[in-house]
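Enquirer: generate coordinates for the sequence data below:
(one chain, ligands or ions: 1)
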Amino acid sequence: MPYDFDLFVIGGGSGGVRCARMAASHGAKVAVAEEGPWGGTCVNVGCVPKKLMVMASEYSGAVQDSHGFGWNTLPGQHDWSALIEAKDAEISRLNGIYKRMMANCTTFEARARFIDPHTIEVAGQKVTAAHIVIAVGGRPIIPDFAGAEHVIVSDHVFHMQTLPQRITIAGSGFIAVEFAGIFAGLGRQVDLVYRADLPLRGFDEDLRTGLAEAMAAQGIRLHPGRTIRAVTAAKQVTLDNGATIESDLVFSALGRAPYTGDLGLDAAGVKTGGMGSIPVDETSATNQPHIYAIGDVTHRINLTPVAIAEGHALADRLFGPGPRHWHLNRVAAAVFSTPPIATVGLTEAEAAAMGPTDIYLEKFTPMRHTLSKRARKTTMKLVVDQATQKVVGVHMLGEDAPEIIQGLSIAINAGATKQDFDRTVGIHPTAAEEFVTMRTRARVSDATVRAAE
Ligand code: NDP
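Expert: Predicted coordinates for the structure are as follows:
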């Protein structure tokens with residue numbers, strides 16, 4: 001039976017758009033449905049507007065630094081609504097670019113749902129497709145503590161017309177620590193409430209410690225080991241130990257969940273897993289061989305470049321010259337905290353669990369802060385497998401960390417050894433040169449020996 005389309009993509013975010021336009025470029029007849037603005041979470045309520053806000057927040061620190069270099073600059077007033085207006089104009093421009101990227105596809109600006117395994121209902125029509133890609137992403141989890149209706153999540157923060165003075169943030173994952181830095185940089189009082197002893201569970205311990213110190217130095221009030229019990233309409237926050245925090249805004253960043261409700265997955269016979277995620281094999285296929293899922297809806301590595309890589313690989317495999325291979329086992333990640341974090345490969349704990357691991361570690365005041373005496377340290381760390389001398393992890397907390405680690409992630413994916421790093425001549429004076437000049441091992445980490453003792 002002929003189908004209306006070779007490929008129907010549900011979701012016009014980073015992964016869906018890449019898959020659709022690459023498939024169309026290979027000659028496939030493609031349709032894409034998006035119920036919101038084109039570009040999905042990353043462009044509209046995620047990476048892009050967040051980074052613009054991070055940039056806005058950095059000027060207060062730059063003013064502080066400038067005093068050490070002879071400037072008598074005053075901090076001035078920040079106009080949040082002007083930032084939102086400028087950000088909205090930029091995002092509209094990007095929405096247009098995303099839409100134009102699908103010039104060779106049929107687009108539906110509506111929610112799509114399955115009627116049966118090959119049929120989609122969208123904008124009042126029923127359309128059929130040989131292959132269907134689910135790229136609907138995720139949505140912020142709404143907390144379950146009392147008074148959750150008084151709390152905002154990340155989707156809301158990008159559209160607020162004013163930014164109140166006292167802000168309590170729940171969580172210490174990517175979003176929580178990024179916005180803690182943004183709000184503090186914009187001069188707000190920030191309380192960060194999180195259940196772990198350090199922020200950013202899963203990241204290397206030295207970075208987690210360094211970030212907690214940096215946030216405290218920035219004036220962010222840390223509440224480790226605590227959860228929120230209740231929030232009142234007046235934004236008074238009660239913690240699990242009974243302590244209270246007077247706030248004007250409460251921002252919950254307790255994770256994101258796949259957005260699979262009401263997609264008609266039962267009608268399509270597509271199975272779901274934990275939190276409504278869609279399990280897939282290495283080719284992005286679901287349990288229905290002609291239905292695929294890419295990006296955050298699979299709830300594995302919830303990062304834009306991974307969704308793009310999966311979408312591109314799938315389009316090439318279905319309609320193009322053949323499978324495209326990506327290194328998805330050593331994906332670099334950045335947290336745009338203040339200062340930022342970037343990391344690729346194994347943490348010290350993960351590497352040490354596999355065997356003896358050489359650790360190289362530097363913690364220093366970067367040149368920019370030496371004259372201004374601003375209390376902000378950079379942490380840089382190499383995790384080296386002792387047996388092979390391969391550098392299995394590179395971690396950095398400090399200015400430009402994401403820019404530096406992007407380059408180093410190529411070396412890590414190529415299997416560089418510590419000797420390769422040592423042979424490389426640095427660029428002086430930079431922070432990045434520390435990665436090729438660390439000669440003295442800080443310690444040997446070996447959880448396998450410790451476990452046996
Ligand atoms: P994360 O998964 O990063 O963090 C969730 C936070 O919520 C953690 O601190 C977690 O605590 C806490 N938490 C979860 N459940 C509870 C609970 N019941 N009670 C108390 N605390 C709880 O989620 P985010 O919302 O920050 O971000 C979602 C995803 O978006 C990230 O995983 C990331 O993949 C992506 N993202 C990526 C960015 C980037 O690349 N720079 C930026 C922003 C988002 P604990 O640690 O103790 O489990």
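Enquirer: and the helix or strand hosting residue 92, what does it pack against?
Expert: Per DSSP states H and E: residue 92 is located in helix 80-101. Judged by 3 or more C-beta pairs under 8 Å, 6 or more residues apart in numbering; DSSP states H and E, helix 80-101 is in contact with helix 14-25, helix 40-45, helix 47-67. Glycine gets a C-beta too; all of them are placed from N, C-alpha and C.
Enquirer: return the most buried member of the ones you listed.
Expert: helix 14-25 (a mean of 26; mean count of other C-beta atoms under 10 Å).
Enquirer: burial count for the residue of the chain found nearest the ligand?
Expert: Residue nearest to the ligand within the chain (C-beta to the nearest ligand atom): residue 173, separated by 1.8 Å. The tally of other residues near residue 173 (other C-beta atoms under 10 Å) stands at 19.
Enquirer: what do you get for residue 208?
Expert: By other C-beta under 10 Å, 22 other residues sit near residue 208.
Enquirer: need the three-state assignment for it.
Expert: Here residue 208 is recorded as helix under DSSP: H, G, I helix; E, B strand; the rest coil.
Enquirer: re the thing from before, turn the helices and strands packed on helix 80-101 into TSV, columns for distance to residue 395 and mean pLDDT.
Expert: Formatted as TSV, the helices and strands packed on helix 80-101 follow (distance: least, C-beta to C-beta, whole Å; pLDDT from 0 to 100):
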stretch	distance to residue 395	mean pLDDT
helix 14-25	25	98
helix 40-45	24	98
helix 47-67	20	97
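Enquirer: dump those helices to JSON lines, plus distance to the ligand.
Expert: Shown next, in JSON lines, are those (distance: least, C-beta to the nearest ligand atom, whole Å):
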{"stretch": "helix 14-25", "distance to the ligand": "12"}
{"stretch": "helix 40-45", "distance to the ligand": "8"}
{"stretch": "helix 47-67", "distance to the ligand": "6"}
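Enquirer: same list (these) but as JSON lines, adding distance to residue 392.
Expert: Output for the helices and strands packed on helix 80-101, formatted as JSON lines (distance: least, C-beta to C-beta, whole Å):
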{"stretch": "helix 14-25", "distance to residue 392": "28"}
{"stretch": "helix 40-45", "distance to residue 392": "29"}
{"stretch": "helix 47-67", "distance to residue 392": "27"}
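Enquirer: strand partners of the following helix or strand past the helix holding residue 92, parallel vs antiparallel please.
Expert: If you walk from helix 80-101 toward the C-terminus, the next helix or strand you reach (DSSP H and E) is strand 106-108. Strand 106-108 pairs in its sheet with strand 30-33 (parallel), by DSSP bridges.
Enquirer: what's the neighbour count on the closest residue to residue 306 other than its chain neighbours?
Expert: Closest residue to residue 306 apart from its sequence neighbours, by C-beta to C-beta, 6 or more residues apart in numbering: residue 331 at 6.2 Å. Using other C-beta under 10 Å, residue 331 has 17 other residues around it.
Enquirer: pretty sure residue 331 is touching residue 302, no?
Expert: No: Residue 331 lies out of contact with residue 302 (C-beta atoms under 8 Å); the separation is 10.8 Å.
Enquirer: excluding chain neighbours, what is closest to the spatially most central residue of the chain?
Expert: In the chain, the centroid-proximal residue (C-alpha atoms, centre = their mean) is residue 303; its distance is 5.4 Å. Excluding the flanking residues, the one nearest residue 303 by C-beta to C-beta, 6+ apart is residue 333, at 6.2 Å.
Enquirer: got phi/psi on the one you found?
Expert: Backbone geometry at residue 333, expressed as degrees, to the nearest 10, gives phi -140, psi 150.
Enquirer: near the ligand, which residues of the stretch 51-200 of the chain are found?
Expert: 171, 172, 173, 174, 175, 176, 178, 194, 195, 196 (C-beta under 6 Å from any ligand atom).
Enquirer: could I have the buried ones of those as ChimeraX selection syntax?
Expert: Per 16 or more other C-beta atoms under 10 Å, the buried members of these correspond to this ChimeraX selection:
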select :171,172,173,174,175,176,178,194,195
